[in-house]
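Novice: sequence first, then the predicted structure, then my questions.
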Amino acid sequence: DAKTTQPTSMDCAEGRAANLPCNHSTISGNEYVYWYRQIHSQGPQYIIHGLKNNETNEMASLIITEDRKSSTLILPHATLRDTAVYYCIVRASYNTDKLIFGTGTRLQVFP
Amino acid sequence: DTGVSQNPRHKITKRGQNVTFRCDPISEHNRLYWYRQTLGQGPEFLTYFQNEAQLEKSRLLSDRFSAERPKGSFSTLEIQRTEQGDSAMYLCASSLVPRGVGETQYFGPGTRLLVL
């Protein structure tokens, strides 16, 4: 079972920041938080990952709470092309890389 | 394009037929994964390879499914005697793992299978 919980769906106006929350209250100390997204009928696309510190790349920012029990993915200026299902994943155990996906958050960006 | 590629992109077959899918990982990636995704669900892990060795198989991978990665480069996933329940998107991903510590998996576009 997925170790994360996410809202089923969210809306965001184009040009505004999209803040996608994720709860992972049972995360272990050596487990990373990964974010992927999947645009309709395509394979999942890697966005960002982090352990404890906040991370930023050209696509998004990841804010992880100090207790690591939750995180937020931020798309600073959402566009229509950001409409997708966003998956928050806690990496499985140290010795295996299989990703356990939940059902994700369906983000709809509207004009 | 140097990403993960999968062929075919779409496959329609009749129940009982065998199908084979191919995945070409990113060059020099030593790990290769197969996932399956049904409508409205997130991808589910099937199996993965470290070079040519198949290291883990999910209980989802019934006896009708077999995966190979003979030379540690491309991989094939074969489904024998297909059933309508096998209809799904089959996703391949690859990663570069230095010494057992996980790295980022990059996914291909998937092969969509429809069993009639």
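Specialist: That came through, no problem. Computed from a predicted model, the values in this text were never measured in an experiment.

Novice: CA atoms for contacts and neighbours, from now on please.
Specialist: OK.

Novice: and stretch A:44-58, what's buried?
Specialist: A:44-50, A:52, A:56 (16 or more other C-alpha atoms under 10 Å in any protein chain shown).

Novice: tell me the two of these that are most distant?
Specialist: Spatially, the most separated pair among those is A:Pro44 and A:Lys52, at 23.6 Å (C-alpha to C-alpha).

Novice: dump the residue contacts of A:Ser70.
Specialist: A:21-25, A:64 (C-alpha atoms under 8 Å, 6 or more residues apart in numbering or on different chains).

Novice: now it, which residues is it bridged with?
Specialist: A:Asn23 (DSSP bridges).

Novice: show me what contacts the residue nearest to the spatial centre of chain B?
Specialist: Centroid-nearest residue in chain B: B:Trp34, 3.1 Å away (criterion: C-alpha atoms, centre = their mean). Applying C-alpha under 8 Å, 6+ apart to B:Trp34 gives the contacts B:45-48, B:90-93.

Novice: so which of those residues are also by chain A?
Specialist: Contacts with chain A within the contacts of B:Trp34, counted by C-alpha under 8 Å from any C-alpha of the partner chain: B:45, B:48, B:91.

Novice: name the helix or strand for the nearest residue to the second one once chain neighbours are set aside, please.
Specialist: If I follow you right, that is B:Tyr48. Taking C-alpha to C-alpha, 6 or more residues apart in numbering or on different chains, and ignoring the residues beside it in sequence, B:Tyr48 has B:Tyr33 as its nearest neighbour in space, at 4.2 Å. Using DSSP states H and E, B:Tyr33 maps to strand B:31-37.

Novice: each with direction, which strands does the helix or strand of chain B with the lowest mean pLDDT pair with?
Specialist: Counting by mean pLDDT, DSSP states H and E, chain B has its least confident helix or strand at strand B:53-57, which shows a mean of 92. Take DSSP bridges as the rule and strand B:53-57 pairs in its sheet with strand B:44-50 (antiparallel).

Novice: where does the residue in chain B positioned nearest to chain A fall, helix, sheet strand or coil?
Specialist: Distances between chain B and chain A by C-alpha to the nearest C-alpha are smallest at B:Pro109, namely 4.4 Å. Taking DSSP: H, G, I helix; E, B strand; the rest coil as the rule, one finds B:Pro109 in the coil state.
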